[in-house]
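A.B. asks: whatever this is, show me its structure:
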Amino acid sequence: MKKKIKFEYRITLLYLLIGGLWIIFSDRFLLSVTSNQEILTKFQTYKGWFYVATTAVLLLLLLKSHLRKLRKAEAEAKKSNALKTAFLQNISHEIRTPMNSIVGFSDILNTQEFNEQEVNQYLAIIRNSSNQLLYIVNQLLDISMIESGNVIVFNNTFTLNNMIDEIDAAFKPTVKNSIKFVAEKGLSDEKSHIVTDAGKLRQVIMNLLNNANKYTEAGTIKLSYTLDNNMLKFTVEDSGIGIAPEKQQYIFKRFQKAHNEHKEFYDGVGLGLSICKGNIDLLKGDIGFNSAVGEGTVFYFRIPYSPASR
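C.D. replies: You can find the predicted model right below:
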C-alpha cells in the first residue's frame, strides 16, 4: 500500500511545479514576442505580480477547503466524544442495575432463610436480571461484529408464516395489558417458504416489536408483511409516543436514543435500531419509518423475496 504524501508537502510541491512551469513558458513566450529589454523588464514585473496574485488565490482556496475538512472532522470528533461519554454513562446504568439485583438477591439468599415461595420469587428476579444483562452484552457484541465487517449471512430455508406465528406466541405474553397486538401474514404458507438469514430477520422484527412495546402505553401494535415488487415489505406499527422531528435523522445511529429527554426513563443503550439497519444492509434490503409525536410510529423494512423450491 502506497503511503499518501502529507498535505503540506503536496502544497509545496504544487507551488514549486506551477512556479517553475510559469517561469519557463512565460519567458519563452515573451522572448518569442519581443526582444526589447525595456518591454521585457516591464512584462517580467507584471507576470511576477500575476503569479503572486494567482497562487495566493489558489492557496487560499486550497487552505479553506482543507480547513473546512479539518473543522468538520473536529466537530465530528467532539460529537463522537460526547456520544461516547453519554454511552458510557448510559451503559454503566444499564449494566449496574441488573448486576445490583443479581449480587444483592444472591447475597440475601445466601445469608437468610426463606420459604419456597420467597426463594422462587428472588430466583425469578435474578434470572430476569441475568437475561437483561445478557441482552445488553449481546447487543454490544452484535454492533461490534457488524461494524467490523465480521458478520456472515447464513441463508437458510424456512416458512415465513411459521416464523410470524412463533414471534406472535413469544411476543404476546410480554405486551402490556393495555395494548392489543396483531400479526398479519401477506402470503400463503406455500409462497412464504423462502430463503434468507432467518436469525437476522427474526432479530430485526423482535427489536422493532420490543421498541414498539417500550414506547407504547396503550393502543395497538401491528406486525404485518406484504410482497412488494419482488421484495418482502415488513411493517411494525404502534400507537406510541412517536419520535420528534429533530431526533429522526439520528435514529439509526449508534448510541442514539430518541427519548433521552423524555419525562419518563426508557431502558436501553441505543443500539437496537442501528443493529436493525446493519442486519437489513447485510440482507440487501432497506429500512425506514414514519412518525409523529403523540400519534405513533410505523417502521418498515424490505428484503429481497427469494422463494424456496420445495
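
A.B. asks: where in the stretch 1-150 of the chain is pLDDT low?
C.D. replies: 1-3, 7, 83, 86-87, 89-91, 93-94 (pLDDT under 70).

A.B. asks: strands of that one, start to end?
C.D. replies: For the stretch 1-150 of the chain, no strands are identified by DSSP state E, counting those that start in this stretch.

A.B. asks: in the stretch 51-200 of the chain, which spans are helices?
C.D. replies: Along the stretch 51-200 of the chain, the segments classed as helices by DSSP state H, counting those that start in this stretch run 116-148, 160-171, 198-214.

A.B. asks: who's in contact with the last one?
C.D. replies: Contacting residues not belonging to helix 198-214 are listed as 142, 153-154, 156, 158, 163, 167, 170-171, 174-176, 179, 221, 223, 234, 236-238, 240, 266-268, 272-273, 275-276, 279-280, 282-283, 287, 297, 299, 301, 303 [Cβ atoms under 8 Å, 6 or more residues apart in numbering]. Backbone N, C-alpha and C define where each C-beta goes, glycine included.

A.B. asks: list buried residues within those residues.
C.D. replies: Applying 16 or more other Cβ atoms under 10 Å to the contacts of helix 198-214, the neighbour count classes 142, 158, 163, 167, 171, 179, 221, 223, 234, 236-238, 240, 268, 272-273, 275-276, 279-280, 282-283, 287, 297, 299, 301, 303 as buried.

A.B. asks: so of those, which ones are in helices?
C.D. replies: Judged by DSSP state H, these include Asp142, Met163, Ile167, Phe171, Gly272, Leu273, Ile275, Cys276, Asn279, Ile280, Leu282 as members of helices.

A.B. asks: need the max-distance pair from these.
C.D. replies: Phe171 and Leu282 (23.2 Å; Cβ to Cβ).

A.B. asks: wait, Ser26 touches Thr54, no?
C.D. replies: No: taking Cβ atoms under 8 Å as the definition, Ser26 is not a contact partner of Thr54, at 11.8 Å.

A.B. asks: higher neighbour count, the two?
C.D. replies: Ser26 (16 against 12; other Cβ atoms under 10 Å).

A.B. asks: ok, the more buried one - contacts?
C.D. replies: Lys47.

A.B. asks: what's the separation between it and Ala77?
C.D. replies: 44 Å (Cβ to Cβ, to the nearest Å).

A.B. asks: for Leu283, same thing?
C.D. replies: Counting by Cβ to Cβ, the separation of Leu283 from Ala77 is 32 Å.

A.B. asks: just to revisit the earlier point, so which of the helices of the stretch 51-200 of the chain comes closest to Asp189?
C.D. replies: With Cβ to Cβ as the measure, helix 160-171 is the member of these nearest Asp189 (5.1 Å).

A.B. asks: what's in contact with the closest one?
C.D. replies: So helix 160-171 is contacted by 181, 183, 185, 187-189, 192-194, 198, 201-202, 205-206, 209, 213, 223, 225, 232 (Cβ under 8 Å, 6+ apart).

A.B. asks: these two touch, right, Ala183 and Leu223?
C.D. replies: Yes: with contact defined as Cβ under 8 Å, Ala183 reaches Leu223; the gap is 4.7 Å.

A.B. asks: shaky segments in the stretch 201-310 of the chain?
C.D. replies: Ranges of the stretch 201-310 of the chain meeting pLDDT under 70: 254-270, 310.
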